[in-house]
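[1] Predicted model and sequence below, questions to follow.
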Amino acid sequence: MGRAKKVLGILIVSVLALAGCGTDDDSSSGGSGDPQLRKITYLTAFGAAGRDAFVWTAREKGYFRDAGFDVDIKLGAATSENLKALAAGQTDFAMLDLTGGIILAGQGKFKDFRAVAAVQQQTVVSIVAPADGPVKKPTDLKGKTLGAATGSVNQSLFPAYAKKAGLDPASVKWVNTTPQQVPALLAAGRVDALSTFLIGRPGIEKAAGKPMIVLPYSDYLPDLYGNALVTSADLAGRDPDLVKRFKEAALKGLADAIADPKAAGELLHKENPASAAAAAEAEIRLMTPYTQPLGGLDSGKVTRAIKLLSDTGLFPAGLTAEQVMAR
């Protein structure tokens, strides 16, 4: 009997040890390991940056879990790359620039996505250039070299911005790279300026070691949304309740990140050590004025955005708001 108890004790210890290992694995991958939760994959807009910190906040505070989800957060790239992943069924939700998504939908390249909430109520796409450099206004870009993320809205929207600002878009040369390497283009002197998001200015200044000026596209292109939460047209139509629950949980995280940018930045750094907490905090603070009303997505504004983009020649008329946003 004593021997049987001893064997049983060893088995119990072994089982507990294995269970502990399983918990560690789930934690490191961001999952809860709870079989009762619906597993969801989320793709960030642009690597691990302050603009997406709210998603980690929503997961850390249990908002996704309370809504019934076990969320795996993966690092995204530019708009077209995220739409490719969505179309291939590699992610359930993604963050991307809605203006860029509308352009690609209008061009017939990606039609099977639906926006469910706007994180930035106005486009934050901008020209970012050294304050001590020659670029002070849009027309100064003539003959210059611009850097941007491959497949990003920054480059696809530039022709409309340039035409409105009185600049021939063909007079600018482009250098493309991965989202993470965009600041390095300027720091290394390979480009004269960047076409990127104004909220990324702190990280660019840190990389270049000098102050920057910002020329927002919105000065010439009003009524355009910035980043938005999107899902597939199939999921939006098949399970609107799931989409609603995920959106509401994510927006709770956004509200908390806005209320405490420092904590959100620190959490982002904890989850992604390569991301600087201070830069993330600064980015969230820069983004905050563009977030109200929280999650708001208006069909009238989307319609005006479509018309503006179509009128500037980016795609032919015919696209409707219902084709790019969930009901």
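    Noted; the coordinates are in hand.
[2] Mind jotting down where the strands sit in the stretch 151-300 of the chain?
    Using DSSP state E, counting those that start in this stretch, the strands of the stretch 151-300 of the chain run over 173-177, 193-197, 212-216, 227-232.
[3] Now mean neighbour count, mean pLDDT and distance to Tyr290 too, for those, in JSON lines please.
    Bear in mind the C-beta positions are built from the backbone N, C-alpha and C, glycine included. Below are these laid out as JSON lines (neighbours: other C-beta atoms under 10 Å; pLDDT from 0 to 100; distance: least, C-beta to C-beta, whole Å):
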{"stretch": "strand 173-177", "mean neighbour count": "15", "mean pLDDT": "96", "distance to Tyr290": "25"}
{"stretch": "strand 193-197", "mean neighbour count": "27", "mean pLDDT": "95", "distance to Tyr290": "10"}
{"stretch": "strand 212-216", "mean neighbour count": "19", "mean pLDDT": "97", "distance to Tyr290": "10"}
{"stretch": "strand 227-232", "mean neighbour count": "26", "mean pLDDT": "98", "distance to Tyr290": "9"}
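[4] Ser80 is nearest to which of the ones you listed?
    The minimum distance between Ser80 and those falls on strand 173-177, with 11.7 Å, by C-beta to C-beta.
[5] Tell me the confidence at Lys5?
    The model reports Lys5 with a pLDDT of 40.
[6] what about the residue nearest in space to the middle of the chain, which SS state?
    Nearest to the mean C-alpha position of the chain, by C-alpha atoms, centre = their mean, lies Ala45 at 2.1 Å. On the three-state scheme (DSSP: H, G, I helix; E, B strand; the rest coil), Ala45 is labelled coil.
[7] and the closest residue in space to it that isn't next to it in sequence, what does it touch?
    Excluding its sequence neighbours, the residue lying closest to Ala45 (C-beta to C-beta, 6 or more residues apart in numbering) is Met95, at 3.8 Å. For Met95, the contacting residues are 42-45, 51-52, 55, 76, 82, 119, 227-230, by C-beta atoms under 8 Å, 6 or more residues apart in numbering.
[8] Kindly reformat those residues as a markdown table containing distance to Asp219.
    A markdown table is the format used below for the contacts of Met95 (distance: C-beta to C-beta, whole Å):
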| residue | distance to Asp219 |
| --- | --- |
| Tyr42 | 32 |
| Leu43 | 30 |
| Thr44 | 27 |
| Ala45 | 22 |
| Arg51 | 21 |
| Asp52 | 25 |
| Val55 | 30 |
| Gly76 | 27 |
| Asn82 | 26 |
| Val119 | 21 |
| Asn227 | 19 |
| Ala228 | 21 |
| Leu229 | 26 |
| Val230 | 26 |
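[9] Just flag the most distant two among those.
    Greatest spatial distance among the contacts of Met95 (C-beta to C-beta): Arg51 and Val230, at 14.7 Å.
[10] any weak-confidence spans in the stretch 1-150 of the chain?
    For the stretch 1-150 of the chain, the stretches flagged by pLDDT under 70 are 1-33.
[11] so where do the helices sit in it?
    With helices called from DSSP state H, counting those that start in this stretch, the stretch 1-150 of the chain shows them at 2-28, 53-60, 63-66, 79-87, 98-106.
[12] Lovely, talk soon.
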